[in-house]
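**Student:** I would like to see how this sequence folds:
(one chain, ligands or ions: 1)
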Amino acid sequence: MASEDKKPKAACFDGEAARSLVTELRKTITRMTSIEALRTDLSKPVLEAFVSEIAMLKSSCEFTLKQLKRWMVPEKVKTSITTFPSSAEIVPEPLGVVLVISAWNYPFLLSLDPVIGAIAAGNAVVLKPSEIAPATSSLLAKLLGEYMDSSAVKVIEGAVPETSALLEQKWDKIFYTGCGFSTSGCHYEVGDGQLMCQSSPSSGVDGSRKISFVGSKLEREFFWPRVLETFNTVDGDREEEGFGCIELLAVLLNWLVLPSEHAGHEGGCEVKSHIAWELNIKPCFVGNGKVGRIVLAAAAKHLTPVGLELGGKCPVIVDSNINLIVTARRIIAGKWGMNNGQACISADHIITTKDFAPKLIDALKVELVKFYGNEPLVSEDLSRIVSSNHFARVTKLLDDDKVAGKIVHGGQKDQNNLKIAPTILLDVPEDCLMMNEEIFGPLLPIVTVNNLEDSFNIINSREKPLAAYLFTTNKRLKEAFVKNVTAGGLLINDIALHIANPYLPFGGVGESGMGSYHGRFSFDTFTHKKAVLYRSFAGDASARYPPYTPGKLKLL
Ligand code: NAD
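**Tutor:** Take a look at the predicted model:
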């Protein structure tokens, strides 16, 4: 073989540089006094915070460091007769500069796990953590700023306006984890138009709020000019301090600014319903994937590839053929033991048979008391609800007339401390609010069926969930579940643990997202697979070249 035919052996990025960045990130994670930040943002129990965020991240770094050499090696593939003689390989190369936008519920894990994959694959990253976990966001900015090479990883903090500005830039990939529903604010329908107010609960705590408007015809023609007039803001900045969205609406519509006791987060809900009634404005929650669609639309302008890690309603089917106590404990761990239900793969609702539901409820009640005592609102082992907006959102699901009288356990709330107790509801109707939105909180409705296999139809008639769970020892049922139920991931006889297996891809399907990550899948998601075919000058067949004589045609 002539020297010109020799192939390069290494991948086309500097694996050593990538390894040392991941090593630095691992050290940075170790340095984090992060549990304090997680306690400030979410009152996360220390053990839970450590296991589900810090330990997960460290093991993700270690797994990546162990495997990276193997992942980055070009993959030799077969060739076809058409290209004979030749050889071929797939060479991974970095995409370039990627934007990672993350969510608040696991604010370290969801921010840094994609970053590990992105830098391991040789990319530079801009990370935008969630403003709804502000202590964690600022710790990430501080520590990554201090310890990581800023040409490789940069943190930009901010809320909707800052994220919108980032989304206007051209990126080589956008990786977004989030919504969901109205997580950052409320959505108001006004007559035939639409005004969406996003208020930042983090700044709402001290009475001031950032407000941004996502426009519609109504906004452009009616509201926005008045916003400018009233607050003398600059168009494009789209932000005002000091008012909640309700107060702003009131001003816009020439109402008196509401008394200050309504400006705090507790008053917000009542005021909302008051205004809603007076002005015929209907508060409602933003549909699943709303922000995901905003991200996708922004990416389309630059033809940027996108990974969307969204949410959904993760169902748990419970058969009677089980170890009841272990099932109850695992459901509790996978619901209330995961950020008090504020987790994308937490149990959203249970489907079981009418006959078995009372037994399951009894077991759940017994184990719940063992775990969190008789006064769960003061338990140190339960996270609080992240913000007043979310507290109002979960309360609204519970106050829905359609679920009146359905609570069989819990239901207690502490608005001052943003705590809601583990709450179980039985036989909620299909058309109630909580069965039509991702619950993302400590409510666990139980739907009953006559025959457990009916649950497959119930699940498949809804949007595809991020995860679906089944508890059973019945082999046939397990097989039917795997064959018939579509979800980002399936797990049998536990909740959420599939996330901890780095050999499995983690991601959604349909409304629960697109693309996946974790382990090798993270590396792949931030890599371009470059197809390379090597030919030598030998074996040059003249048949492919003109003139196309009858003799050459006969070869076909
Ligand atoms: P979110 O969409 O409100 O916020 C996520 C990020 O998007 C934040 O950084 C925020 O600043 C930004 N953002 C919010 N509104 C925006 C807008 N209008 N324009 C541009 N950027 C905007 O989501 P969240 O409340 O932080 O997260 C909760 C949701 O995320 C739930 O639905 C949950 O199921 C889902 N989730 C999914 C996963 C997963 O891995 N699939 C993990 C955690 C959470």
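
**Student:** from here on, just use CA atoms for contacts and neighbour counts.
**Tutor:** Will do.

**Student:** ok, and the closest non-adjacent residue to residue 485?
**Tutor:** Using Cα to Cα, 6 or more residues apart in numbering and skipping residues adjacent in sequence, the residue nearest residue 485 is residue 456, 6.1 Å away.

**Student:** that neighbour sits in which helix or strand?
**Tutor:** helix 454-460 (DSSP states H and E).

**Student:** average pLDDT for that helix?
**Tutor:** Across helix 454-460, pLDDT averages out at 94.

**Student:** can I get it as PDB, trimmed to CA atoms?
**Tutor:** The C-alpha coordinates for helix 454-460 follow below in PDB (Å, rounded to 0.1, in the frame of the first residue of the first chain):
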ATOM      1  CA  ASP A 454     -57.100  -2.600  29.800                       C
ATOM      2  CA  SER A 455     -54.400  -0.400  31.200                       C
ATOM      3  CA  PHE A 456     -52.300  -0.900  28.000                       C
ATOM      4  CA  ASN A 457     -55.100   0.800  26.100                       C
ATOM      5  CA  ILE A 458     -55.400   3.600  28.600                       C
ATOM      6  CA  ILE A 459     -51.700   4.300  28.300                       C
ATOM      7  CA  ASN A 460     -51.600   4.000  24.600                       C
END
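
**Student:** how much space separates the residue nearest to residue 485 from residue 356?
**Tutor:** According to Cα to Cα, to the nearest Å, residue 456 stands 17 Å off from residue 356.

**Student:** now do residue 371
**Tutor:** Taken as Cα to Cα, the span from residue 371 to residue 356 is 23 Å.

**Student:** report the buried residues of stretch 317-335.
**Tutor:** For stretch 317-335, a neighbour-count test (16 or more other Cα atoms under 10 Å) marks 317-320, 324, 327-335 as buried.

**Student:** show me which residues of this protein are close to the ligand?
**Tutor:** 101-104, 128-131, 159-160, 163-164, 177-181, 183-184, 291, 309-312, 344, 507 (Cα under 6 Å from any ligand atom).

**Student:** buried subset of those residues?
**Tutor:** Buried among these by 16+ other Cα under 10 Å: 101-104, 128-131, 159-160, 163, 177-181, 183-184, 291, 309-312, 344, 507.

**Student:** helices of the stretch 401-550 of the chain, start to end?
**Tutor:** Assigned by DSSP state H, counting those that start in this stretch, the stretch 401-550 of the chain shows helices spanning 454-460, 475-484, 520-525, 550-554.

**Student:** which helix or which strand is home to residue 127?
**Tutor:** strand 124-128.

**Student:** pairing partners for that strand, with directions?
**Tutor:** Note on strand 124-128: by DSSP bridges, its sheet partners are strand 97-101 (parallel), strand 153-155 (parallel).

**Student:** quick one: low-confidence parts of the protein?
**Tutor:** Scanning the chain for pLDDT under 70 picks out 1-12, 33-34, 180-289.

**Student:** ok, 50 please
**Tutor:** Residues of the chain that meet the criterion pLDDT under 50 lie in 1-10, 180-220, 227-228, 230-247, 250-287.

**Student:** ok, back up a step: from the buried residues of stretch 317-335, which ones fall inside helices?
**Tutor:** Counting by DSSP state H, these place 324, 327, 328, 329, 330, 331, 332, 333, 334, 335 in helices.

**Student:** mind checking which of residue 371 and residue 356 has more residues around it?
**Tutor:** Neighbours were counted for residue 371 and for residue 356 using other Cα atoms under 10 Å; residue 371 has more, 18 against 15.

**Student:** these two touch, right, the residue nearest to residue 485 and residue 481?
**Tutor:** Yes. With contact defined as Cα atoms under 8 Å, residue 456 counts as touching residue 481 (7.3 Å).

**Student:** give me the more crowded residue out of these two.
**Tutor:** Neighbour count, other Cα under 10 Å: between residue 456 and residue 481, residue 481 has more, with 21 against 16.

**Student:** please report how far that one lies from the ligand.
**Tutor:** Using Cα to the nearest ligand atom, to the nearest Å, residue 481 is found at 21 Å from the ligand.

**Student:** over to residue 487?
**Tutor:** To the ligand, residue 487 is 12 Å away according to Cα to the nearest ligand atom.

**Student:** repeat for residue 357
**Tutor:** According to Cα to the nearest ligand atom, residue 357 stands 26 Å off from the ligand.

**Student:** quick one, phi/psi of that residue?
**Tutor:** Taking degrees, to the nearest 10, you get phi -50, psi -50 for the backbone angles of residue 357.

**Student:** which residues sit in contact with it?
**Tutor:** Going by Cα atoms under 8 Å, 6 or more residues apart in numbering, residue 357 touches 446, 448.

**Student:** make it 10 Å
**Tutor:** Residue 357 makes contact with 318, 319, 320, 350, 351, 426, 427, 446, 447, 448, 449, according to Cα atoms under 10 Å, 6 or more residues apart in numbering.

**Student:** then residue 306?
**Tutor:** So residue 306 contacts 98-99, 171-176, 292, 295-296, 299-300, 514-515, 525 (Cα under 10 Å, 6+ apart).

**Student:** one more: residue 502?
**Tutor:** Taking Cα under 10 Å, 6+ apart, we find residue 502 in contact with 59, 60, 63, 64, 517, 518, 519, 520, 521, 522.

**Student:** just the buried ones among the residues you listed, please.
**Tutor:** Buried among these by 16+ other Cα under 10 Å: 60, 64, 517, 518, 519, 520, 521, 522.

**Student:** who touches both of residue 456 and residue 481?
**Tutor:** Counting by Cα under 10 Å, 6+ apart, the common neighbours of residue 456 and residue 481 are residue 317.

**Student:** which of the helices or strands spans residue 343?
**Tutor:** Counting by DSSP H and E, residue 343 is part of no helix or strand.

**Student:** for residue 170, which non-adjacent residue is closest in space?
**Tutor:** Nearest non-adjacent residue to residue 170, counting by Cα to Cα, 6+ apart: residue 302, 6.0 Å away.

**Student:** what's around the one you found, how many residues?
**Tutor:** Neighbour count for residue 302, taken as other Cα under 10 Å: 13.

**Student:** picking up where we left off before, so which of the buried ones among the residues of the chain next to the ligand are in strands?
**Tutor:** Residues of these located in strands (DSSP state E): 101, 128, 177, 309.

**Student:** residue 76 - how many residues pack around it?
**Tutor:** Neighbours around residue 76, by other Cα under 10 Å: 12.

**Student:** so residue 93: helix, strand or coil?
**Tutor:** For residue 93, the assignment made with DSSP: H, G, I helix; E, B strand; the rest coil gives strand.

**Student:** gap between it and the ligand?
**Tutor:** According to Cα to the nearest ligand atom, residue 93 and the ligand sit 25 Å apart.

**Student:** phi, psi of the closest residue to the ligand within the stretch 301-450 of the chain?
**Tutor:** Residue nearest to the ligand within the stretch 301-450 of the chain: residue 311 (3.0 Å; Cα to the nearest ligand atom). When read as degrees, to the nearest 10, the backbone of residue 311 gives phi -120, psi -150.
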